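Peer 1: Turn this into a model:
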Amino acid sequence: MATRGEEASPDPHGATTAEVLTAHLVELGPCLVGATGGSGTRVFARIVRRAGLFIGTNLNVSEDAVDLGAYSDRWINTFMDWRARPLPPAVEADMRRDLDAVFEHHLAPLAGRPRPWGWKEPRCIYLLPFFHERFPALRFLHVLRDGRDMAYSPNQNQLTRHGQTLLQPAEAAWPQPVRSAALWSRLNLLCPALLTSRGSLGEASLNRRDSTAEEVRSEGV
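Peer 2: As a prediction, the model looks like this:
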């Protein structure tokens, strides 16, 4: 696991979450970059970083925010089990406390100097309703890659880790490409459903087949 990104500034005062998440900082974010795994989100992470968006200092080689990725590991399957029902108060409280602890580290470099911020972690797409409850002004950059590419991609991490959250038990017998395509379809359709039910959520969907080649040239990666 590599540490990448901007230079971290140590916070000698040990800022609390409440101190880090000032009202001004909340107004400036977050902006999330998400998708099904293997969609090419690292290109867009590099673009938004060059545009001035803070996406963290503890990043892996794919530009994912490592701490937010660990948060996804801990909570996606639990959260998705309750997606059609109210989240139990105890589970919601635990998720909030955990997220606050993650943000104390992720946002510490911004203490005292707010700027637009967010993170790139493709699986944040699973937790969008929870993040939107926490941050009503959230913006989501939704990267879409052709589902046929995704079905045969060597990157099947999301299918392995979270496929059971959107696939029925009987569908486990389907060939891997079919299961992957079904997960791609159902997961990406959650975003329009969320937009319909939560009109204040800002979303921009980018089709990788249409945009990536030109943006890679302009990015120089």
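Peer 1: Contacts for the longest helix anywhere in the chain next, please.
Peer 2: If each helix of the chain is counted by residues according to DSSP state H, the longest one is helix 176-197. For helix 176-197, the surrounding residues in contact (CB atoms under 8 Å, 6 or more residues apart in numbering) are 36, 125-126, 128-129, 132, 140, 142, 144, 147-148, 150-153, 156, 158-159, 162-163, 166-167, 171-172, 174, 201, 203, 205. Quick note: C-beta positions are derived from backbone N, CA and C, even for glycine.
Peer 1: Restricted to helices, list those residues.
Peer 2: Those of those lying in helices (DSSP H): 128-129, 132, 147-148, 150-151, 158-159, 162.
Peer 1: Buried ones among the residues you listed?
Peer 2: Among the ones in helices among the contacts of helix 176-197, the ones that count as buried by 16 or more other CB atoms under 10 Å are 128-129, 132, 147, 150-151, 158-159, 162.
Peer 1: rewinding a little: I'd like the average pLDDT over the longest helix of the chain.
Peer 2: Average pLDDT, helix 176-197: 85.
Peer 1: Same question for stretch 134-154.
Peer 2: 91.
Peer 1: and if you look at stretch 87-103?
Peer 2: On average, stretch 87-103 scores 95.
Peer 1: quick one: buried residues of that stretch?
Peer 2: 87, 95, 99, 102-103.
Peer 1: Tabulate those residues in JSON lines, adding columns for distance to Ser185 and secondary structure.
Peer 2: As requested, the buried residues of stretch 87-103 are exported to JSON lines (distance: CB to CB, whole Å; DSSP: H, G, I helix; E, B strand; the rest coil):
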{"residue": "Leu87", "distance to Ser185": "25", "secondary structure": "coil"}
{"residue": "Met95", "distance to Ser185": "27", "secondary structure": "helix"}
{"residue": "Leu99", "distance to Ser185": "28", "secondary structure": "helix"}
{"residue": "Val102", "distance to Ser185": "30", "secondary structure": "helix"}
{"residue": "Phe103", "distance to Ser185": "32", "secondary structure": "helix"}
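Peer 1: and of those residues, the nearest to His24?
Peer 2: Phe103 (15.2 Å; CB to CB).
Peer 1: which ones are touching the nearest residue to Gly34 once chain neighbours are set aside?
Peer 2: Nearest residue to Gly34 in three dimensions, chain neighbours excluded: Ile125, at 3.9 Å (CB to CB, 6 or more residues apart in numbering). Going by CB under 8 Å, 6+ apart, Ile125 touches 34-36, 140, 142, 187-188, 190-191.
Peer 1: Work out the gap between stretch 99-106 and the centre of the chain.
Peer 2: 15 Å (CA atoms, centre = their mean, to the nearest Å).
Peer 1: And for stretch 108-122?
Peer 2: 14 Å.
Peer 1: do the same with stretch 39-57
Peer 2: 12 Å.
Peer 1: Could you export the ones in helices among the contacts of helix 176-197 to JSON lines, including columns for distance to Asn77?
Peer 2: Formatted as JSON lines, the ones in helices among the contacts of helix 176-197 follow (distance: CB to CB, whole Å):
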{"residue": "Leu128", "distance to Asn77": "15"}
{"residue": "Pro129", "distance to Asn77": "15"}
{"residue": "His132", "distance to Asn77": "19"}
{"residue": "Gly147", "distance to Asn77": "22"}
{"residue": "Arg148", "distance to Asn77": "27"}
{"residue": "Met150", "distance to Asn77": "20"}
{"residue": "Ala151", "distance to Asn77": "22"}
{"residue": "Gln158", "distance to Asn77": "11"}
{"residue": "Leu159", "distance to Asn77": "13"}
{"residue": "His162", "distance to Asn77": "6"}
